[in-house]
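K.L.:
structure of the sequence below:
(chains A and B)
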Amino acid sequence: MPLITPETVKRTLKDVYGYDISDESAGAVANTAGAMLSLAQHLGTLGLDGVEPPFGYATLMTEAIRTAAKK
Amino acid sequence: MAHSYEQLLSFDVAALGEKLQAKEISPVELTEAYLDRIQRTDDKIRAYITVTADLARKAARKAEHEIVAGKWRGPFHGVPIALKDLCYTRGIVTTGGSKILADFKPGHDCTVWARLSRAGAILLGKLNLHEFAYGITSSNPHWGFARNPYALDRIPGGSSGGSAAAIVARSAAATIGTDTGGSIRIPAALCGCVGLKPTWSRVSRHGVLPLAYTMDHVGPITRTVRDAALMLNVIAGHDRNDSTSSRERVADYTQQLDAGVGGLKLGIVRELMDGLSAEVQRSFEGAVAQLRALGATLDEVTIPSLPLSGIINGIVTWAEATEIHQEWMATHPQDYGDDVRRLLEVGMMIPAGAYVRAQRARARVLAQAMEALASHDVLIAPGTAIPAPKIGDSRRLDSDSGSVDVLTGILRFTQPFDVTGQPAIAIPTGLSSDGLPLAMQIAGRPFAEATVLQVASAYEKARGALPAPPPICSN
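P.N.:
Got it, this is the predicted structure:
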């Protein structure tokens, strides 16, 4: 079963961006995204238990201070 | 002593710095030489989107005045350079290579240009690129297809295609590029010049139109390794406007350039040694032999997770680029080129969970790269699997090693070091039998740009000058 269908692509682009794409284009987008997501399942083999995403609180704090100072 | 335009254009930044300081050449005549060169070549190369001739002449007069008065600012004082056109320049159109931003004039300079400008560099103009830096051909539907100076029917690579083409066409002394999946190193490799992607966060991204926040790097594209080091000396360092920019100490990146490679241990990345065209393989093996003859020890290293770098880089870039472009995709979808709009449509289909998992996976790839670097000073690999493809050959190419997917044959070699954020340089290793540049990459530990440059410099000296491209203009 495909991970992403052309129908999902067409509906998402219509709902989010408000434009229609052809069946052929929707199929190409679905194939590319589906293939990537299928490959992404291999990332689980890397042993990611306990690995944090690289989004630090230090950056959050600095951005808050920097953007507050700009106002 | 008066110099001809041809002589002036032959000097690299290091030589120009000395001659300008010694008042052997004038920033005004040098700038005129470059503007003349742009005029004579750019209808064929399409390296530039905007040429800032009047501003360049004004800046050159100011530089001349200062140098004559003894106020020399350093090696870039009076040197004509150009910026990839997603670097903000106050009051100067910054298109991002797009139709959407065709009239956009930023209200401030990006930090990289602010620093180069303070160092006395002269801005010749803004350089062509793949639309919004989202692709590797620089076949720009809005501003013209940038072309490879070694073969005008071939791509210069991308996305910083104009930045590399201008270096090789001698229409800028040095340029700035950006690299998210290979966009500094790919054009440098395909055009036959030097492209340095510094460690992520080493150079401020403030005022540089983003493609993917956590993968974008800004760095030099130059004729020589020394020029790259000189440029990094100017642009590296913490910037309070970019909270992700590093506070790590900034070295003098020229200091180790003459240290050689004797006693250094270089690791050849096993996962990047398959699928090479025979000519790339031969050229890379020649470079390995030269490095060995220079006294380096080389052996094979393995980074088992490296083949997953393409997926990680793809998912992160798709997701982040889609967030950056979502408003324009809602209001101007028809103004994107077909290929970039397609990528942004794919990005809409990437689930948040896949994005976070890809981000987490980066640590594993970096950990394995660092493990390899625990026993080696740098890693080396080919720059790409194939030389520059012809414009329009965007899918599969027949090579002597079989049919090669162009994207895979190029991006697969550069994406890993965007995923890990390590410094990596592309440097030419020679020309193919049909006269196209071939290259290798040297990657180091995070913030060890000086070591990467040291190895590249030793190799560059041993290699000698690369044969020049065919004449681009008739005179």
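K.L.:
for the closest residue to chain A within the stretch 251-400 of chain B, which non-adjacent residue is closest in space?
P.N.:
Per CB to the nearest CB, B:M349 is where the stretch 251-400 of chain B lies closest to chain A, at 3.7 Å. Glycine gets a C-beta too; all of them are placed from N, C-alpha and C. Closest residue to B:M349 apart from its sequence neighbours, by CB to CB, 6 or more residues apart in numbering or on different chains: A:A33 at 3.7 Å.
K.L.:
ok, residue 3 - contacts?
P.N.:
As the question left the chain open, I've gone with chain A. A:33-34, A:37-38 (CB atoms under 8 Å, 6 or more residues apart in numbering or on different chains).
K.L.:
think we crossed wires, I meant chain B
P.N.:
B:25, B:29.
K.L.:
and it, how far from B:A33?
P.N.:
Per CB to CB, to the nearest Å, B:H3 is found 8 Å from B:A33.
K.L.:
follow-up on the earlier one: top of the contacts of A:L3 by neighbour count?
P.N.:
Within the contacts of A:L3, A:A33 tops the neighbour count with 25 neighbours, counted by other CB atoms under 10 Å in any protein chain shown.
K.L.:
hang on, the earlier thing: next, count neighbours for the residue of the stretch 251-400 of chain B closest to chain A.
P.N.:
22.
K.L.:
nearest to chain A: which residue in the stretch 101-250 of chain B?
P.N.:
Counting by CB to the nearest CB, the stretch 101-250 of chain B gets nearest chain A through B:S243, at 3.7 Å.
K.L.:
can you give me the neighbour number for the residue nearest to that residue when sequence neighbours are not counted?
P.N.:
Spatially, and ignoring its direct neighbours in sequence, B:S243 is nearest to A:T62 (3.7 Å; CB to CB, 6+ apart). Close neighbours of A:T62, defined as other CB under 10 Å, add up to 15.
K.L.:
find the helix or strand that residue 15 is a member of.
P.N.:
With no chain named, the answer covers chain A. helix A:6-17 (DSSP states H and E).
K.L.:
correction: the question concerned chain B.
P.N.:
Per DSSP H and E: helix B:13-21 holds B:A15.
K.L.:
buried residues in that helix?
P.N.:
B:13-17, B:19-21 (16 or more other CB atoms under 10 Å in any protein chain shown).
K.L.:
which one of the contacts of A:L3 is nearest chain B?
P.N.:
A:A33 (3.7 Å).
K.L.:
do I have it right that the closest one meets B:R342?
P.N.:
No. The pair A:A33 / B:R342 is not scored as a contact, 10.6 Å apart, by CB atoms under 8 Å.
K.L.:
let me see the ranges of the helices in chain A.
P.N.:
A:6-17, A:23-40, A:57-70 (DSSP state H).
K.L.:
minimum distance to B:A189: which of those helices has it?
P.N.:
B:A189 sits nearest to helix A:23-40 of all the helices of chain A, at 24.9 Å, using CB to CB.
K.L.:
got the contact list for the closest one?
P.N.:
Contacts for helix A:23-40 (CB under 8 Å, 6+ apart): A:2-10, A:13, A:21, B:311, B:314-315, B:318, B:342, B:345-346, B:349-351, B:354, B:357-358.
K.L.:
from the residues you listed, which ones fall inside strands?
P.N.:
Cross-referencing these against strands under DSSP state E gives no overlap.
K.L.:
among those residues, name the buried ones.
P.N.:
Using 16+ other CB under 10 Å, the buried ones in the contacts of helix A:23-40 are A:3-4, A:6, A:8-10, A:13, A:21, B:311, B:314-315, B:318, B:342, B:345-346, B:349-350, B:354, B:357-358.
K.L.:
quick revisit: for the helices of chain A, which one ends up most surrounded?
P.N.:
helix A:23-40 (a mean of 18; mean count of other CB atoms under 10 Å in any protein chain shown).
K.L.:
could you export that helix as CSV, CA atoms only?
P.N.:
Output of helix A:23-40 as CSV, limited to C-alpha atoms (Å, rounded to 0.1, in the frame of the first residue of the first chain):
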residue,chain,number,x,y,z
ASP,A,23,-3.2,13.7,-11.6
GLU,A,24,0.2,13.2,-13.2
SER,A,25,1.9,15.8,-11.1
ALA,A,26,0.2,14.5,-8.0
GLY,A,27,1.4,11.0,-8.8
ALA,A,28,4.9,12.2,-9.1
VAL,A,29,4.8,14.1,-5.8
ALA,A,30,3.3,11.1,-4.1
ASN,A,31,5.9,8.7,-5.5
THR,A,32,8.8,10.9,-4.5
ALA,A,33,7.5,11.6,-1.0
GLY,A,34,6.4,8.0,-0.5
ALA,A,35,9.8,6.7,-1.6
MET,A,36,11.6,9.1,0.8
LEU,A,37,9.3,8.1,3.7
SER,A,38,9.9,4.4,2.9
LEU,A,39,13.6,5.0,3.0
ALA,A,40,13.3,7.0,6.2
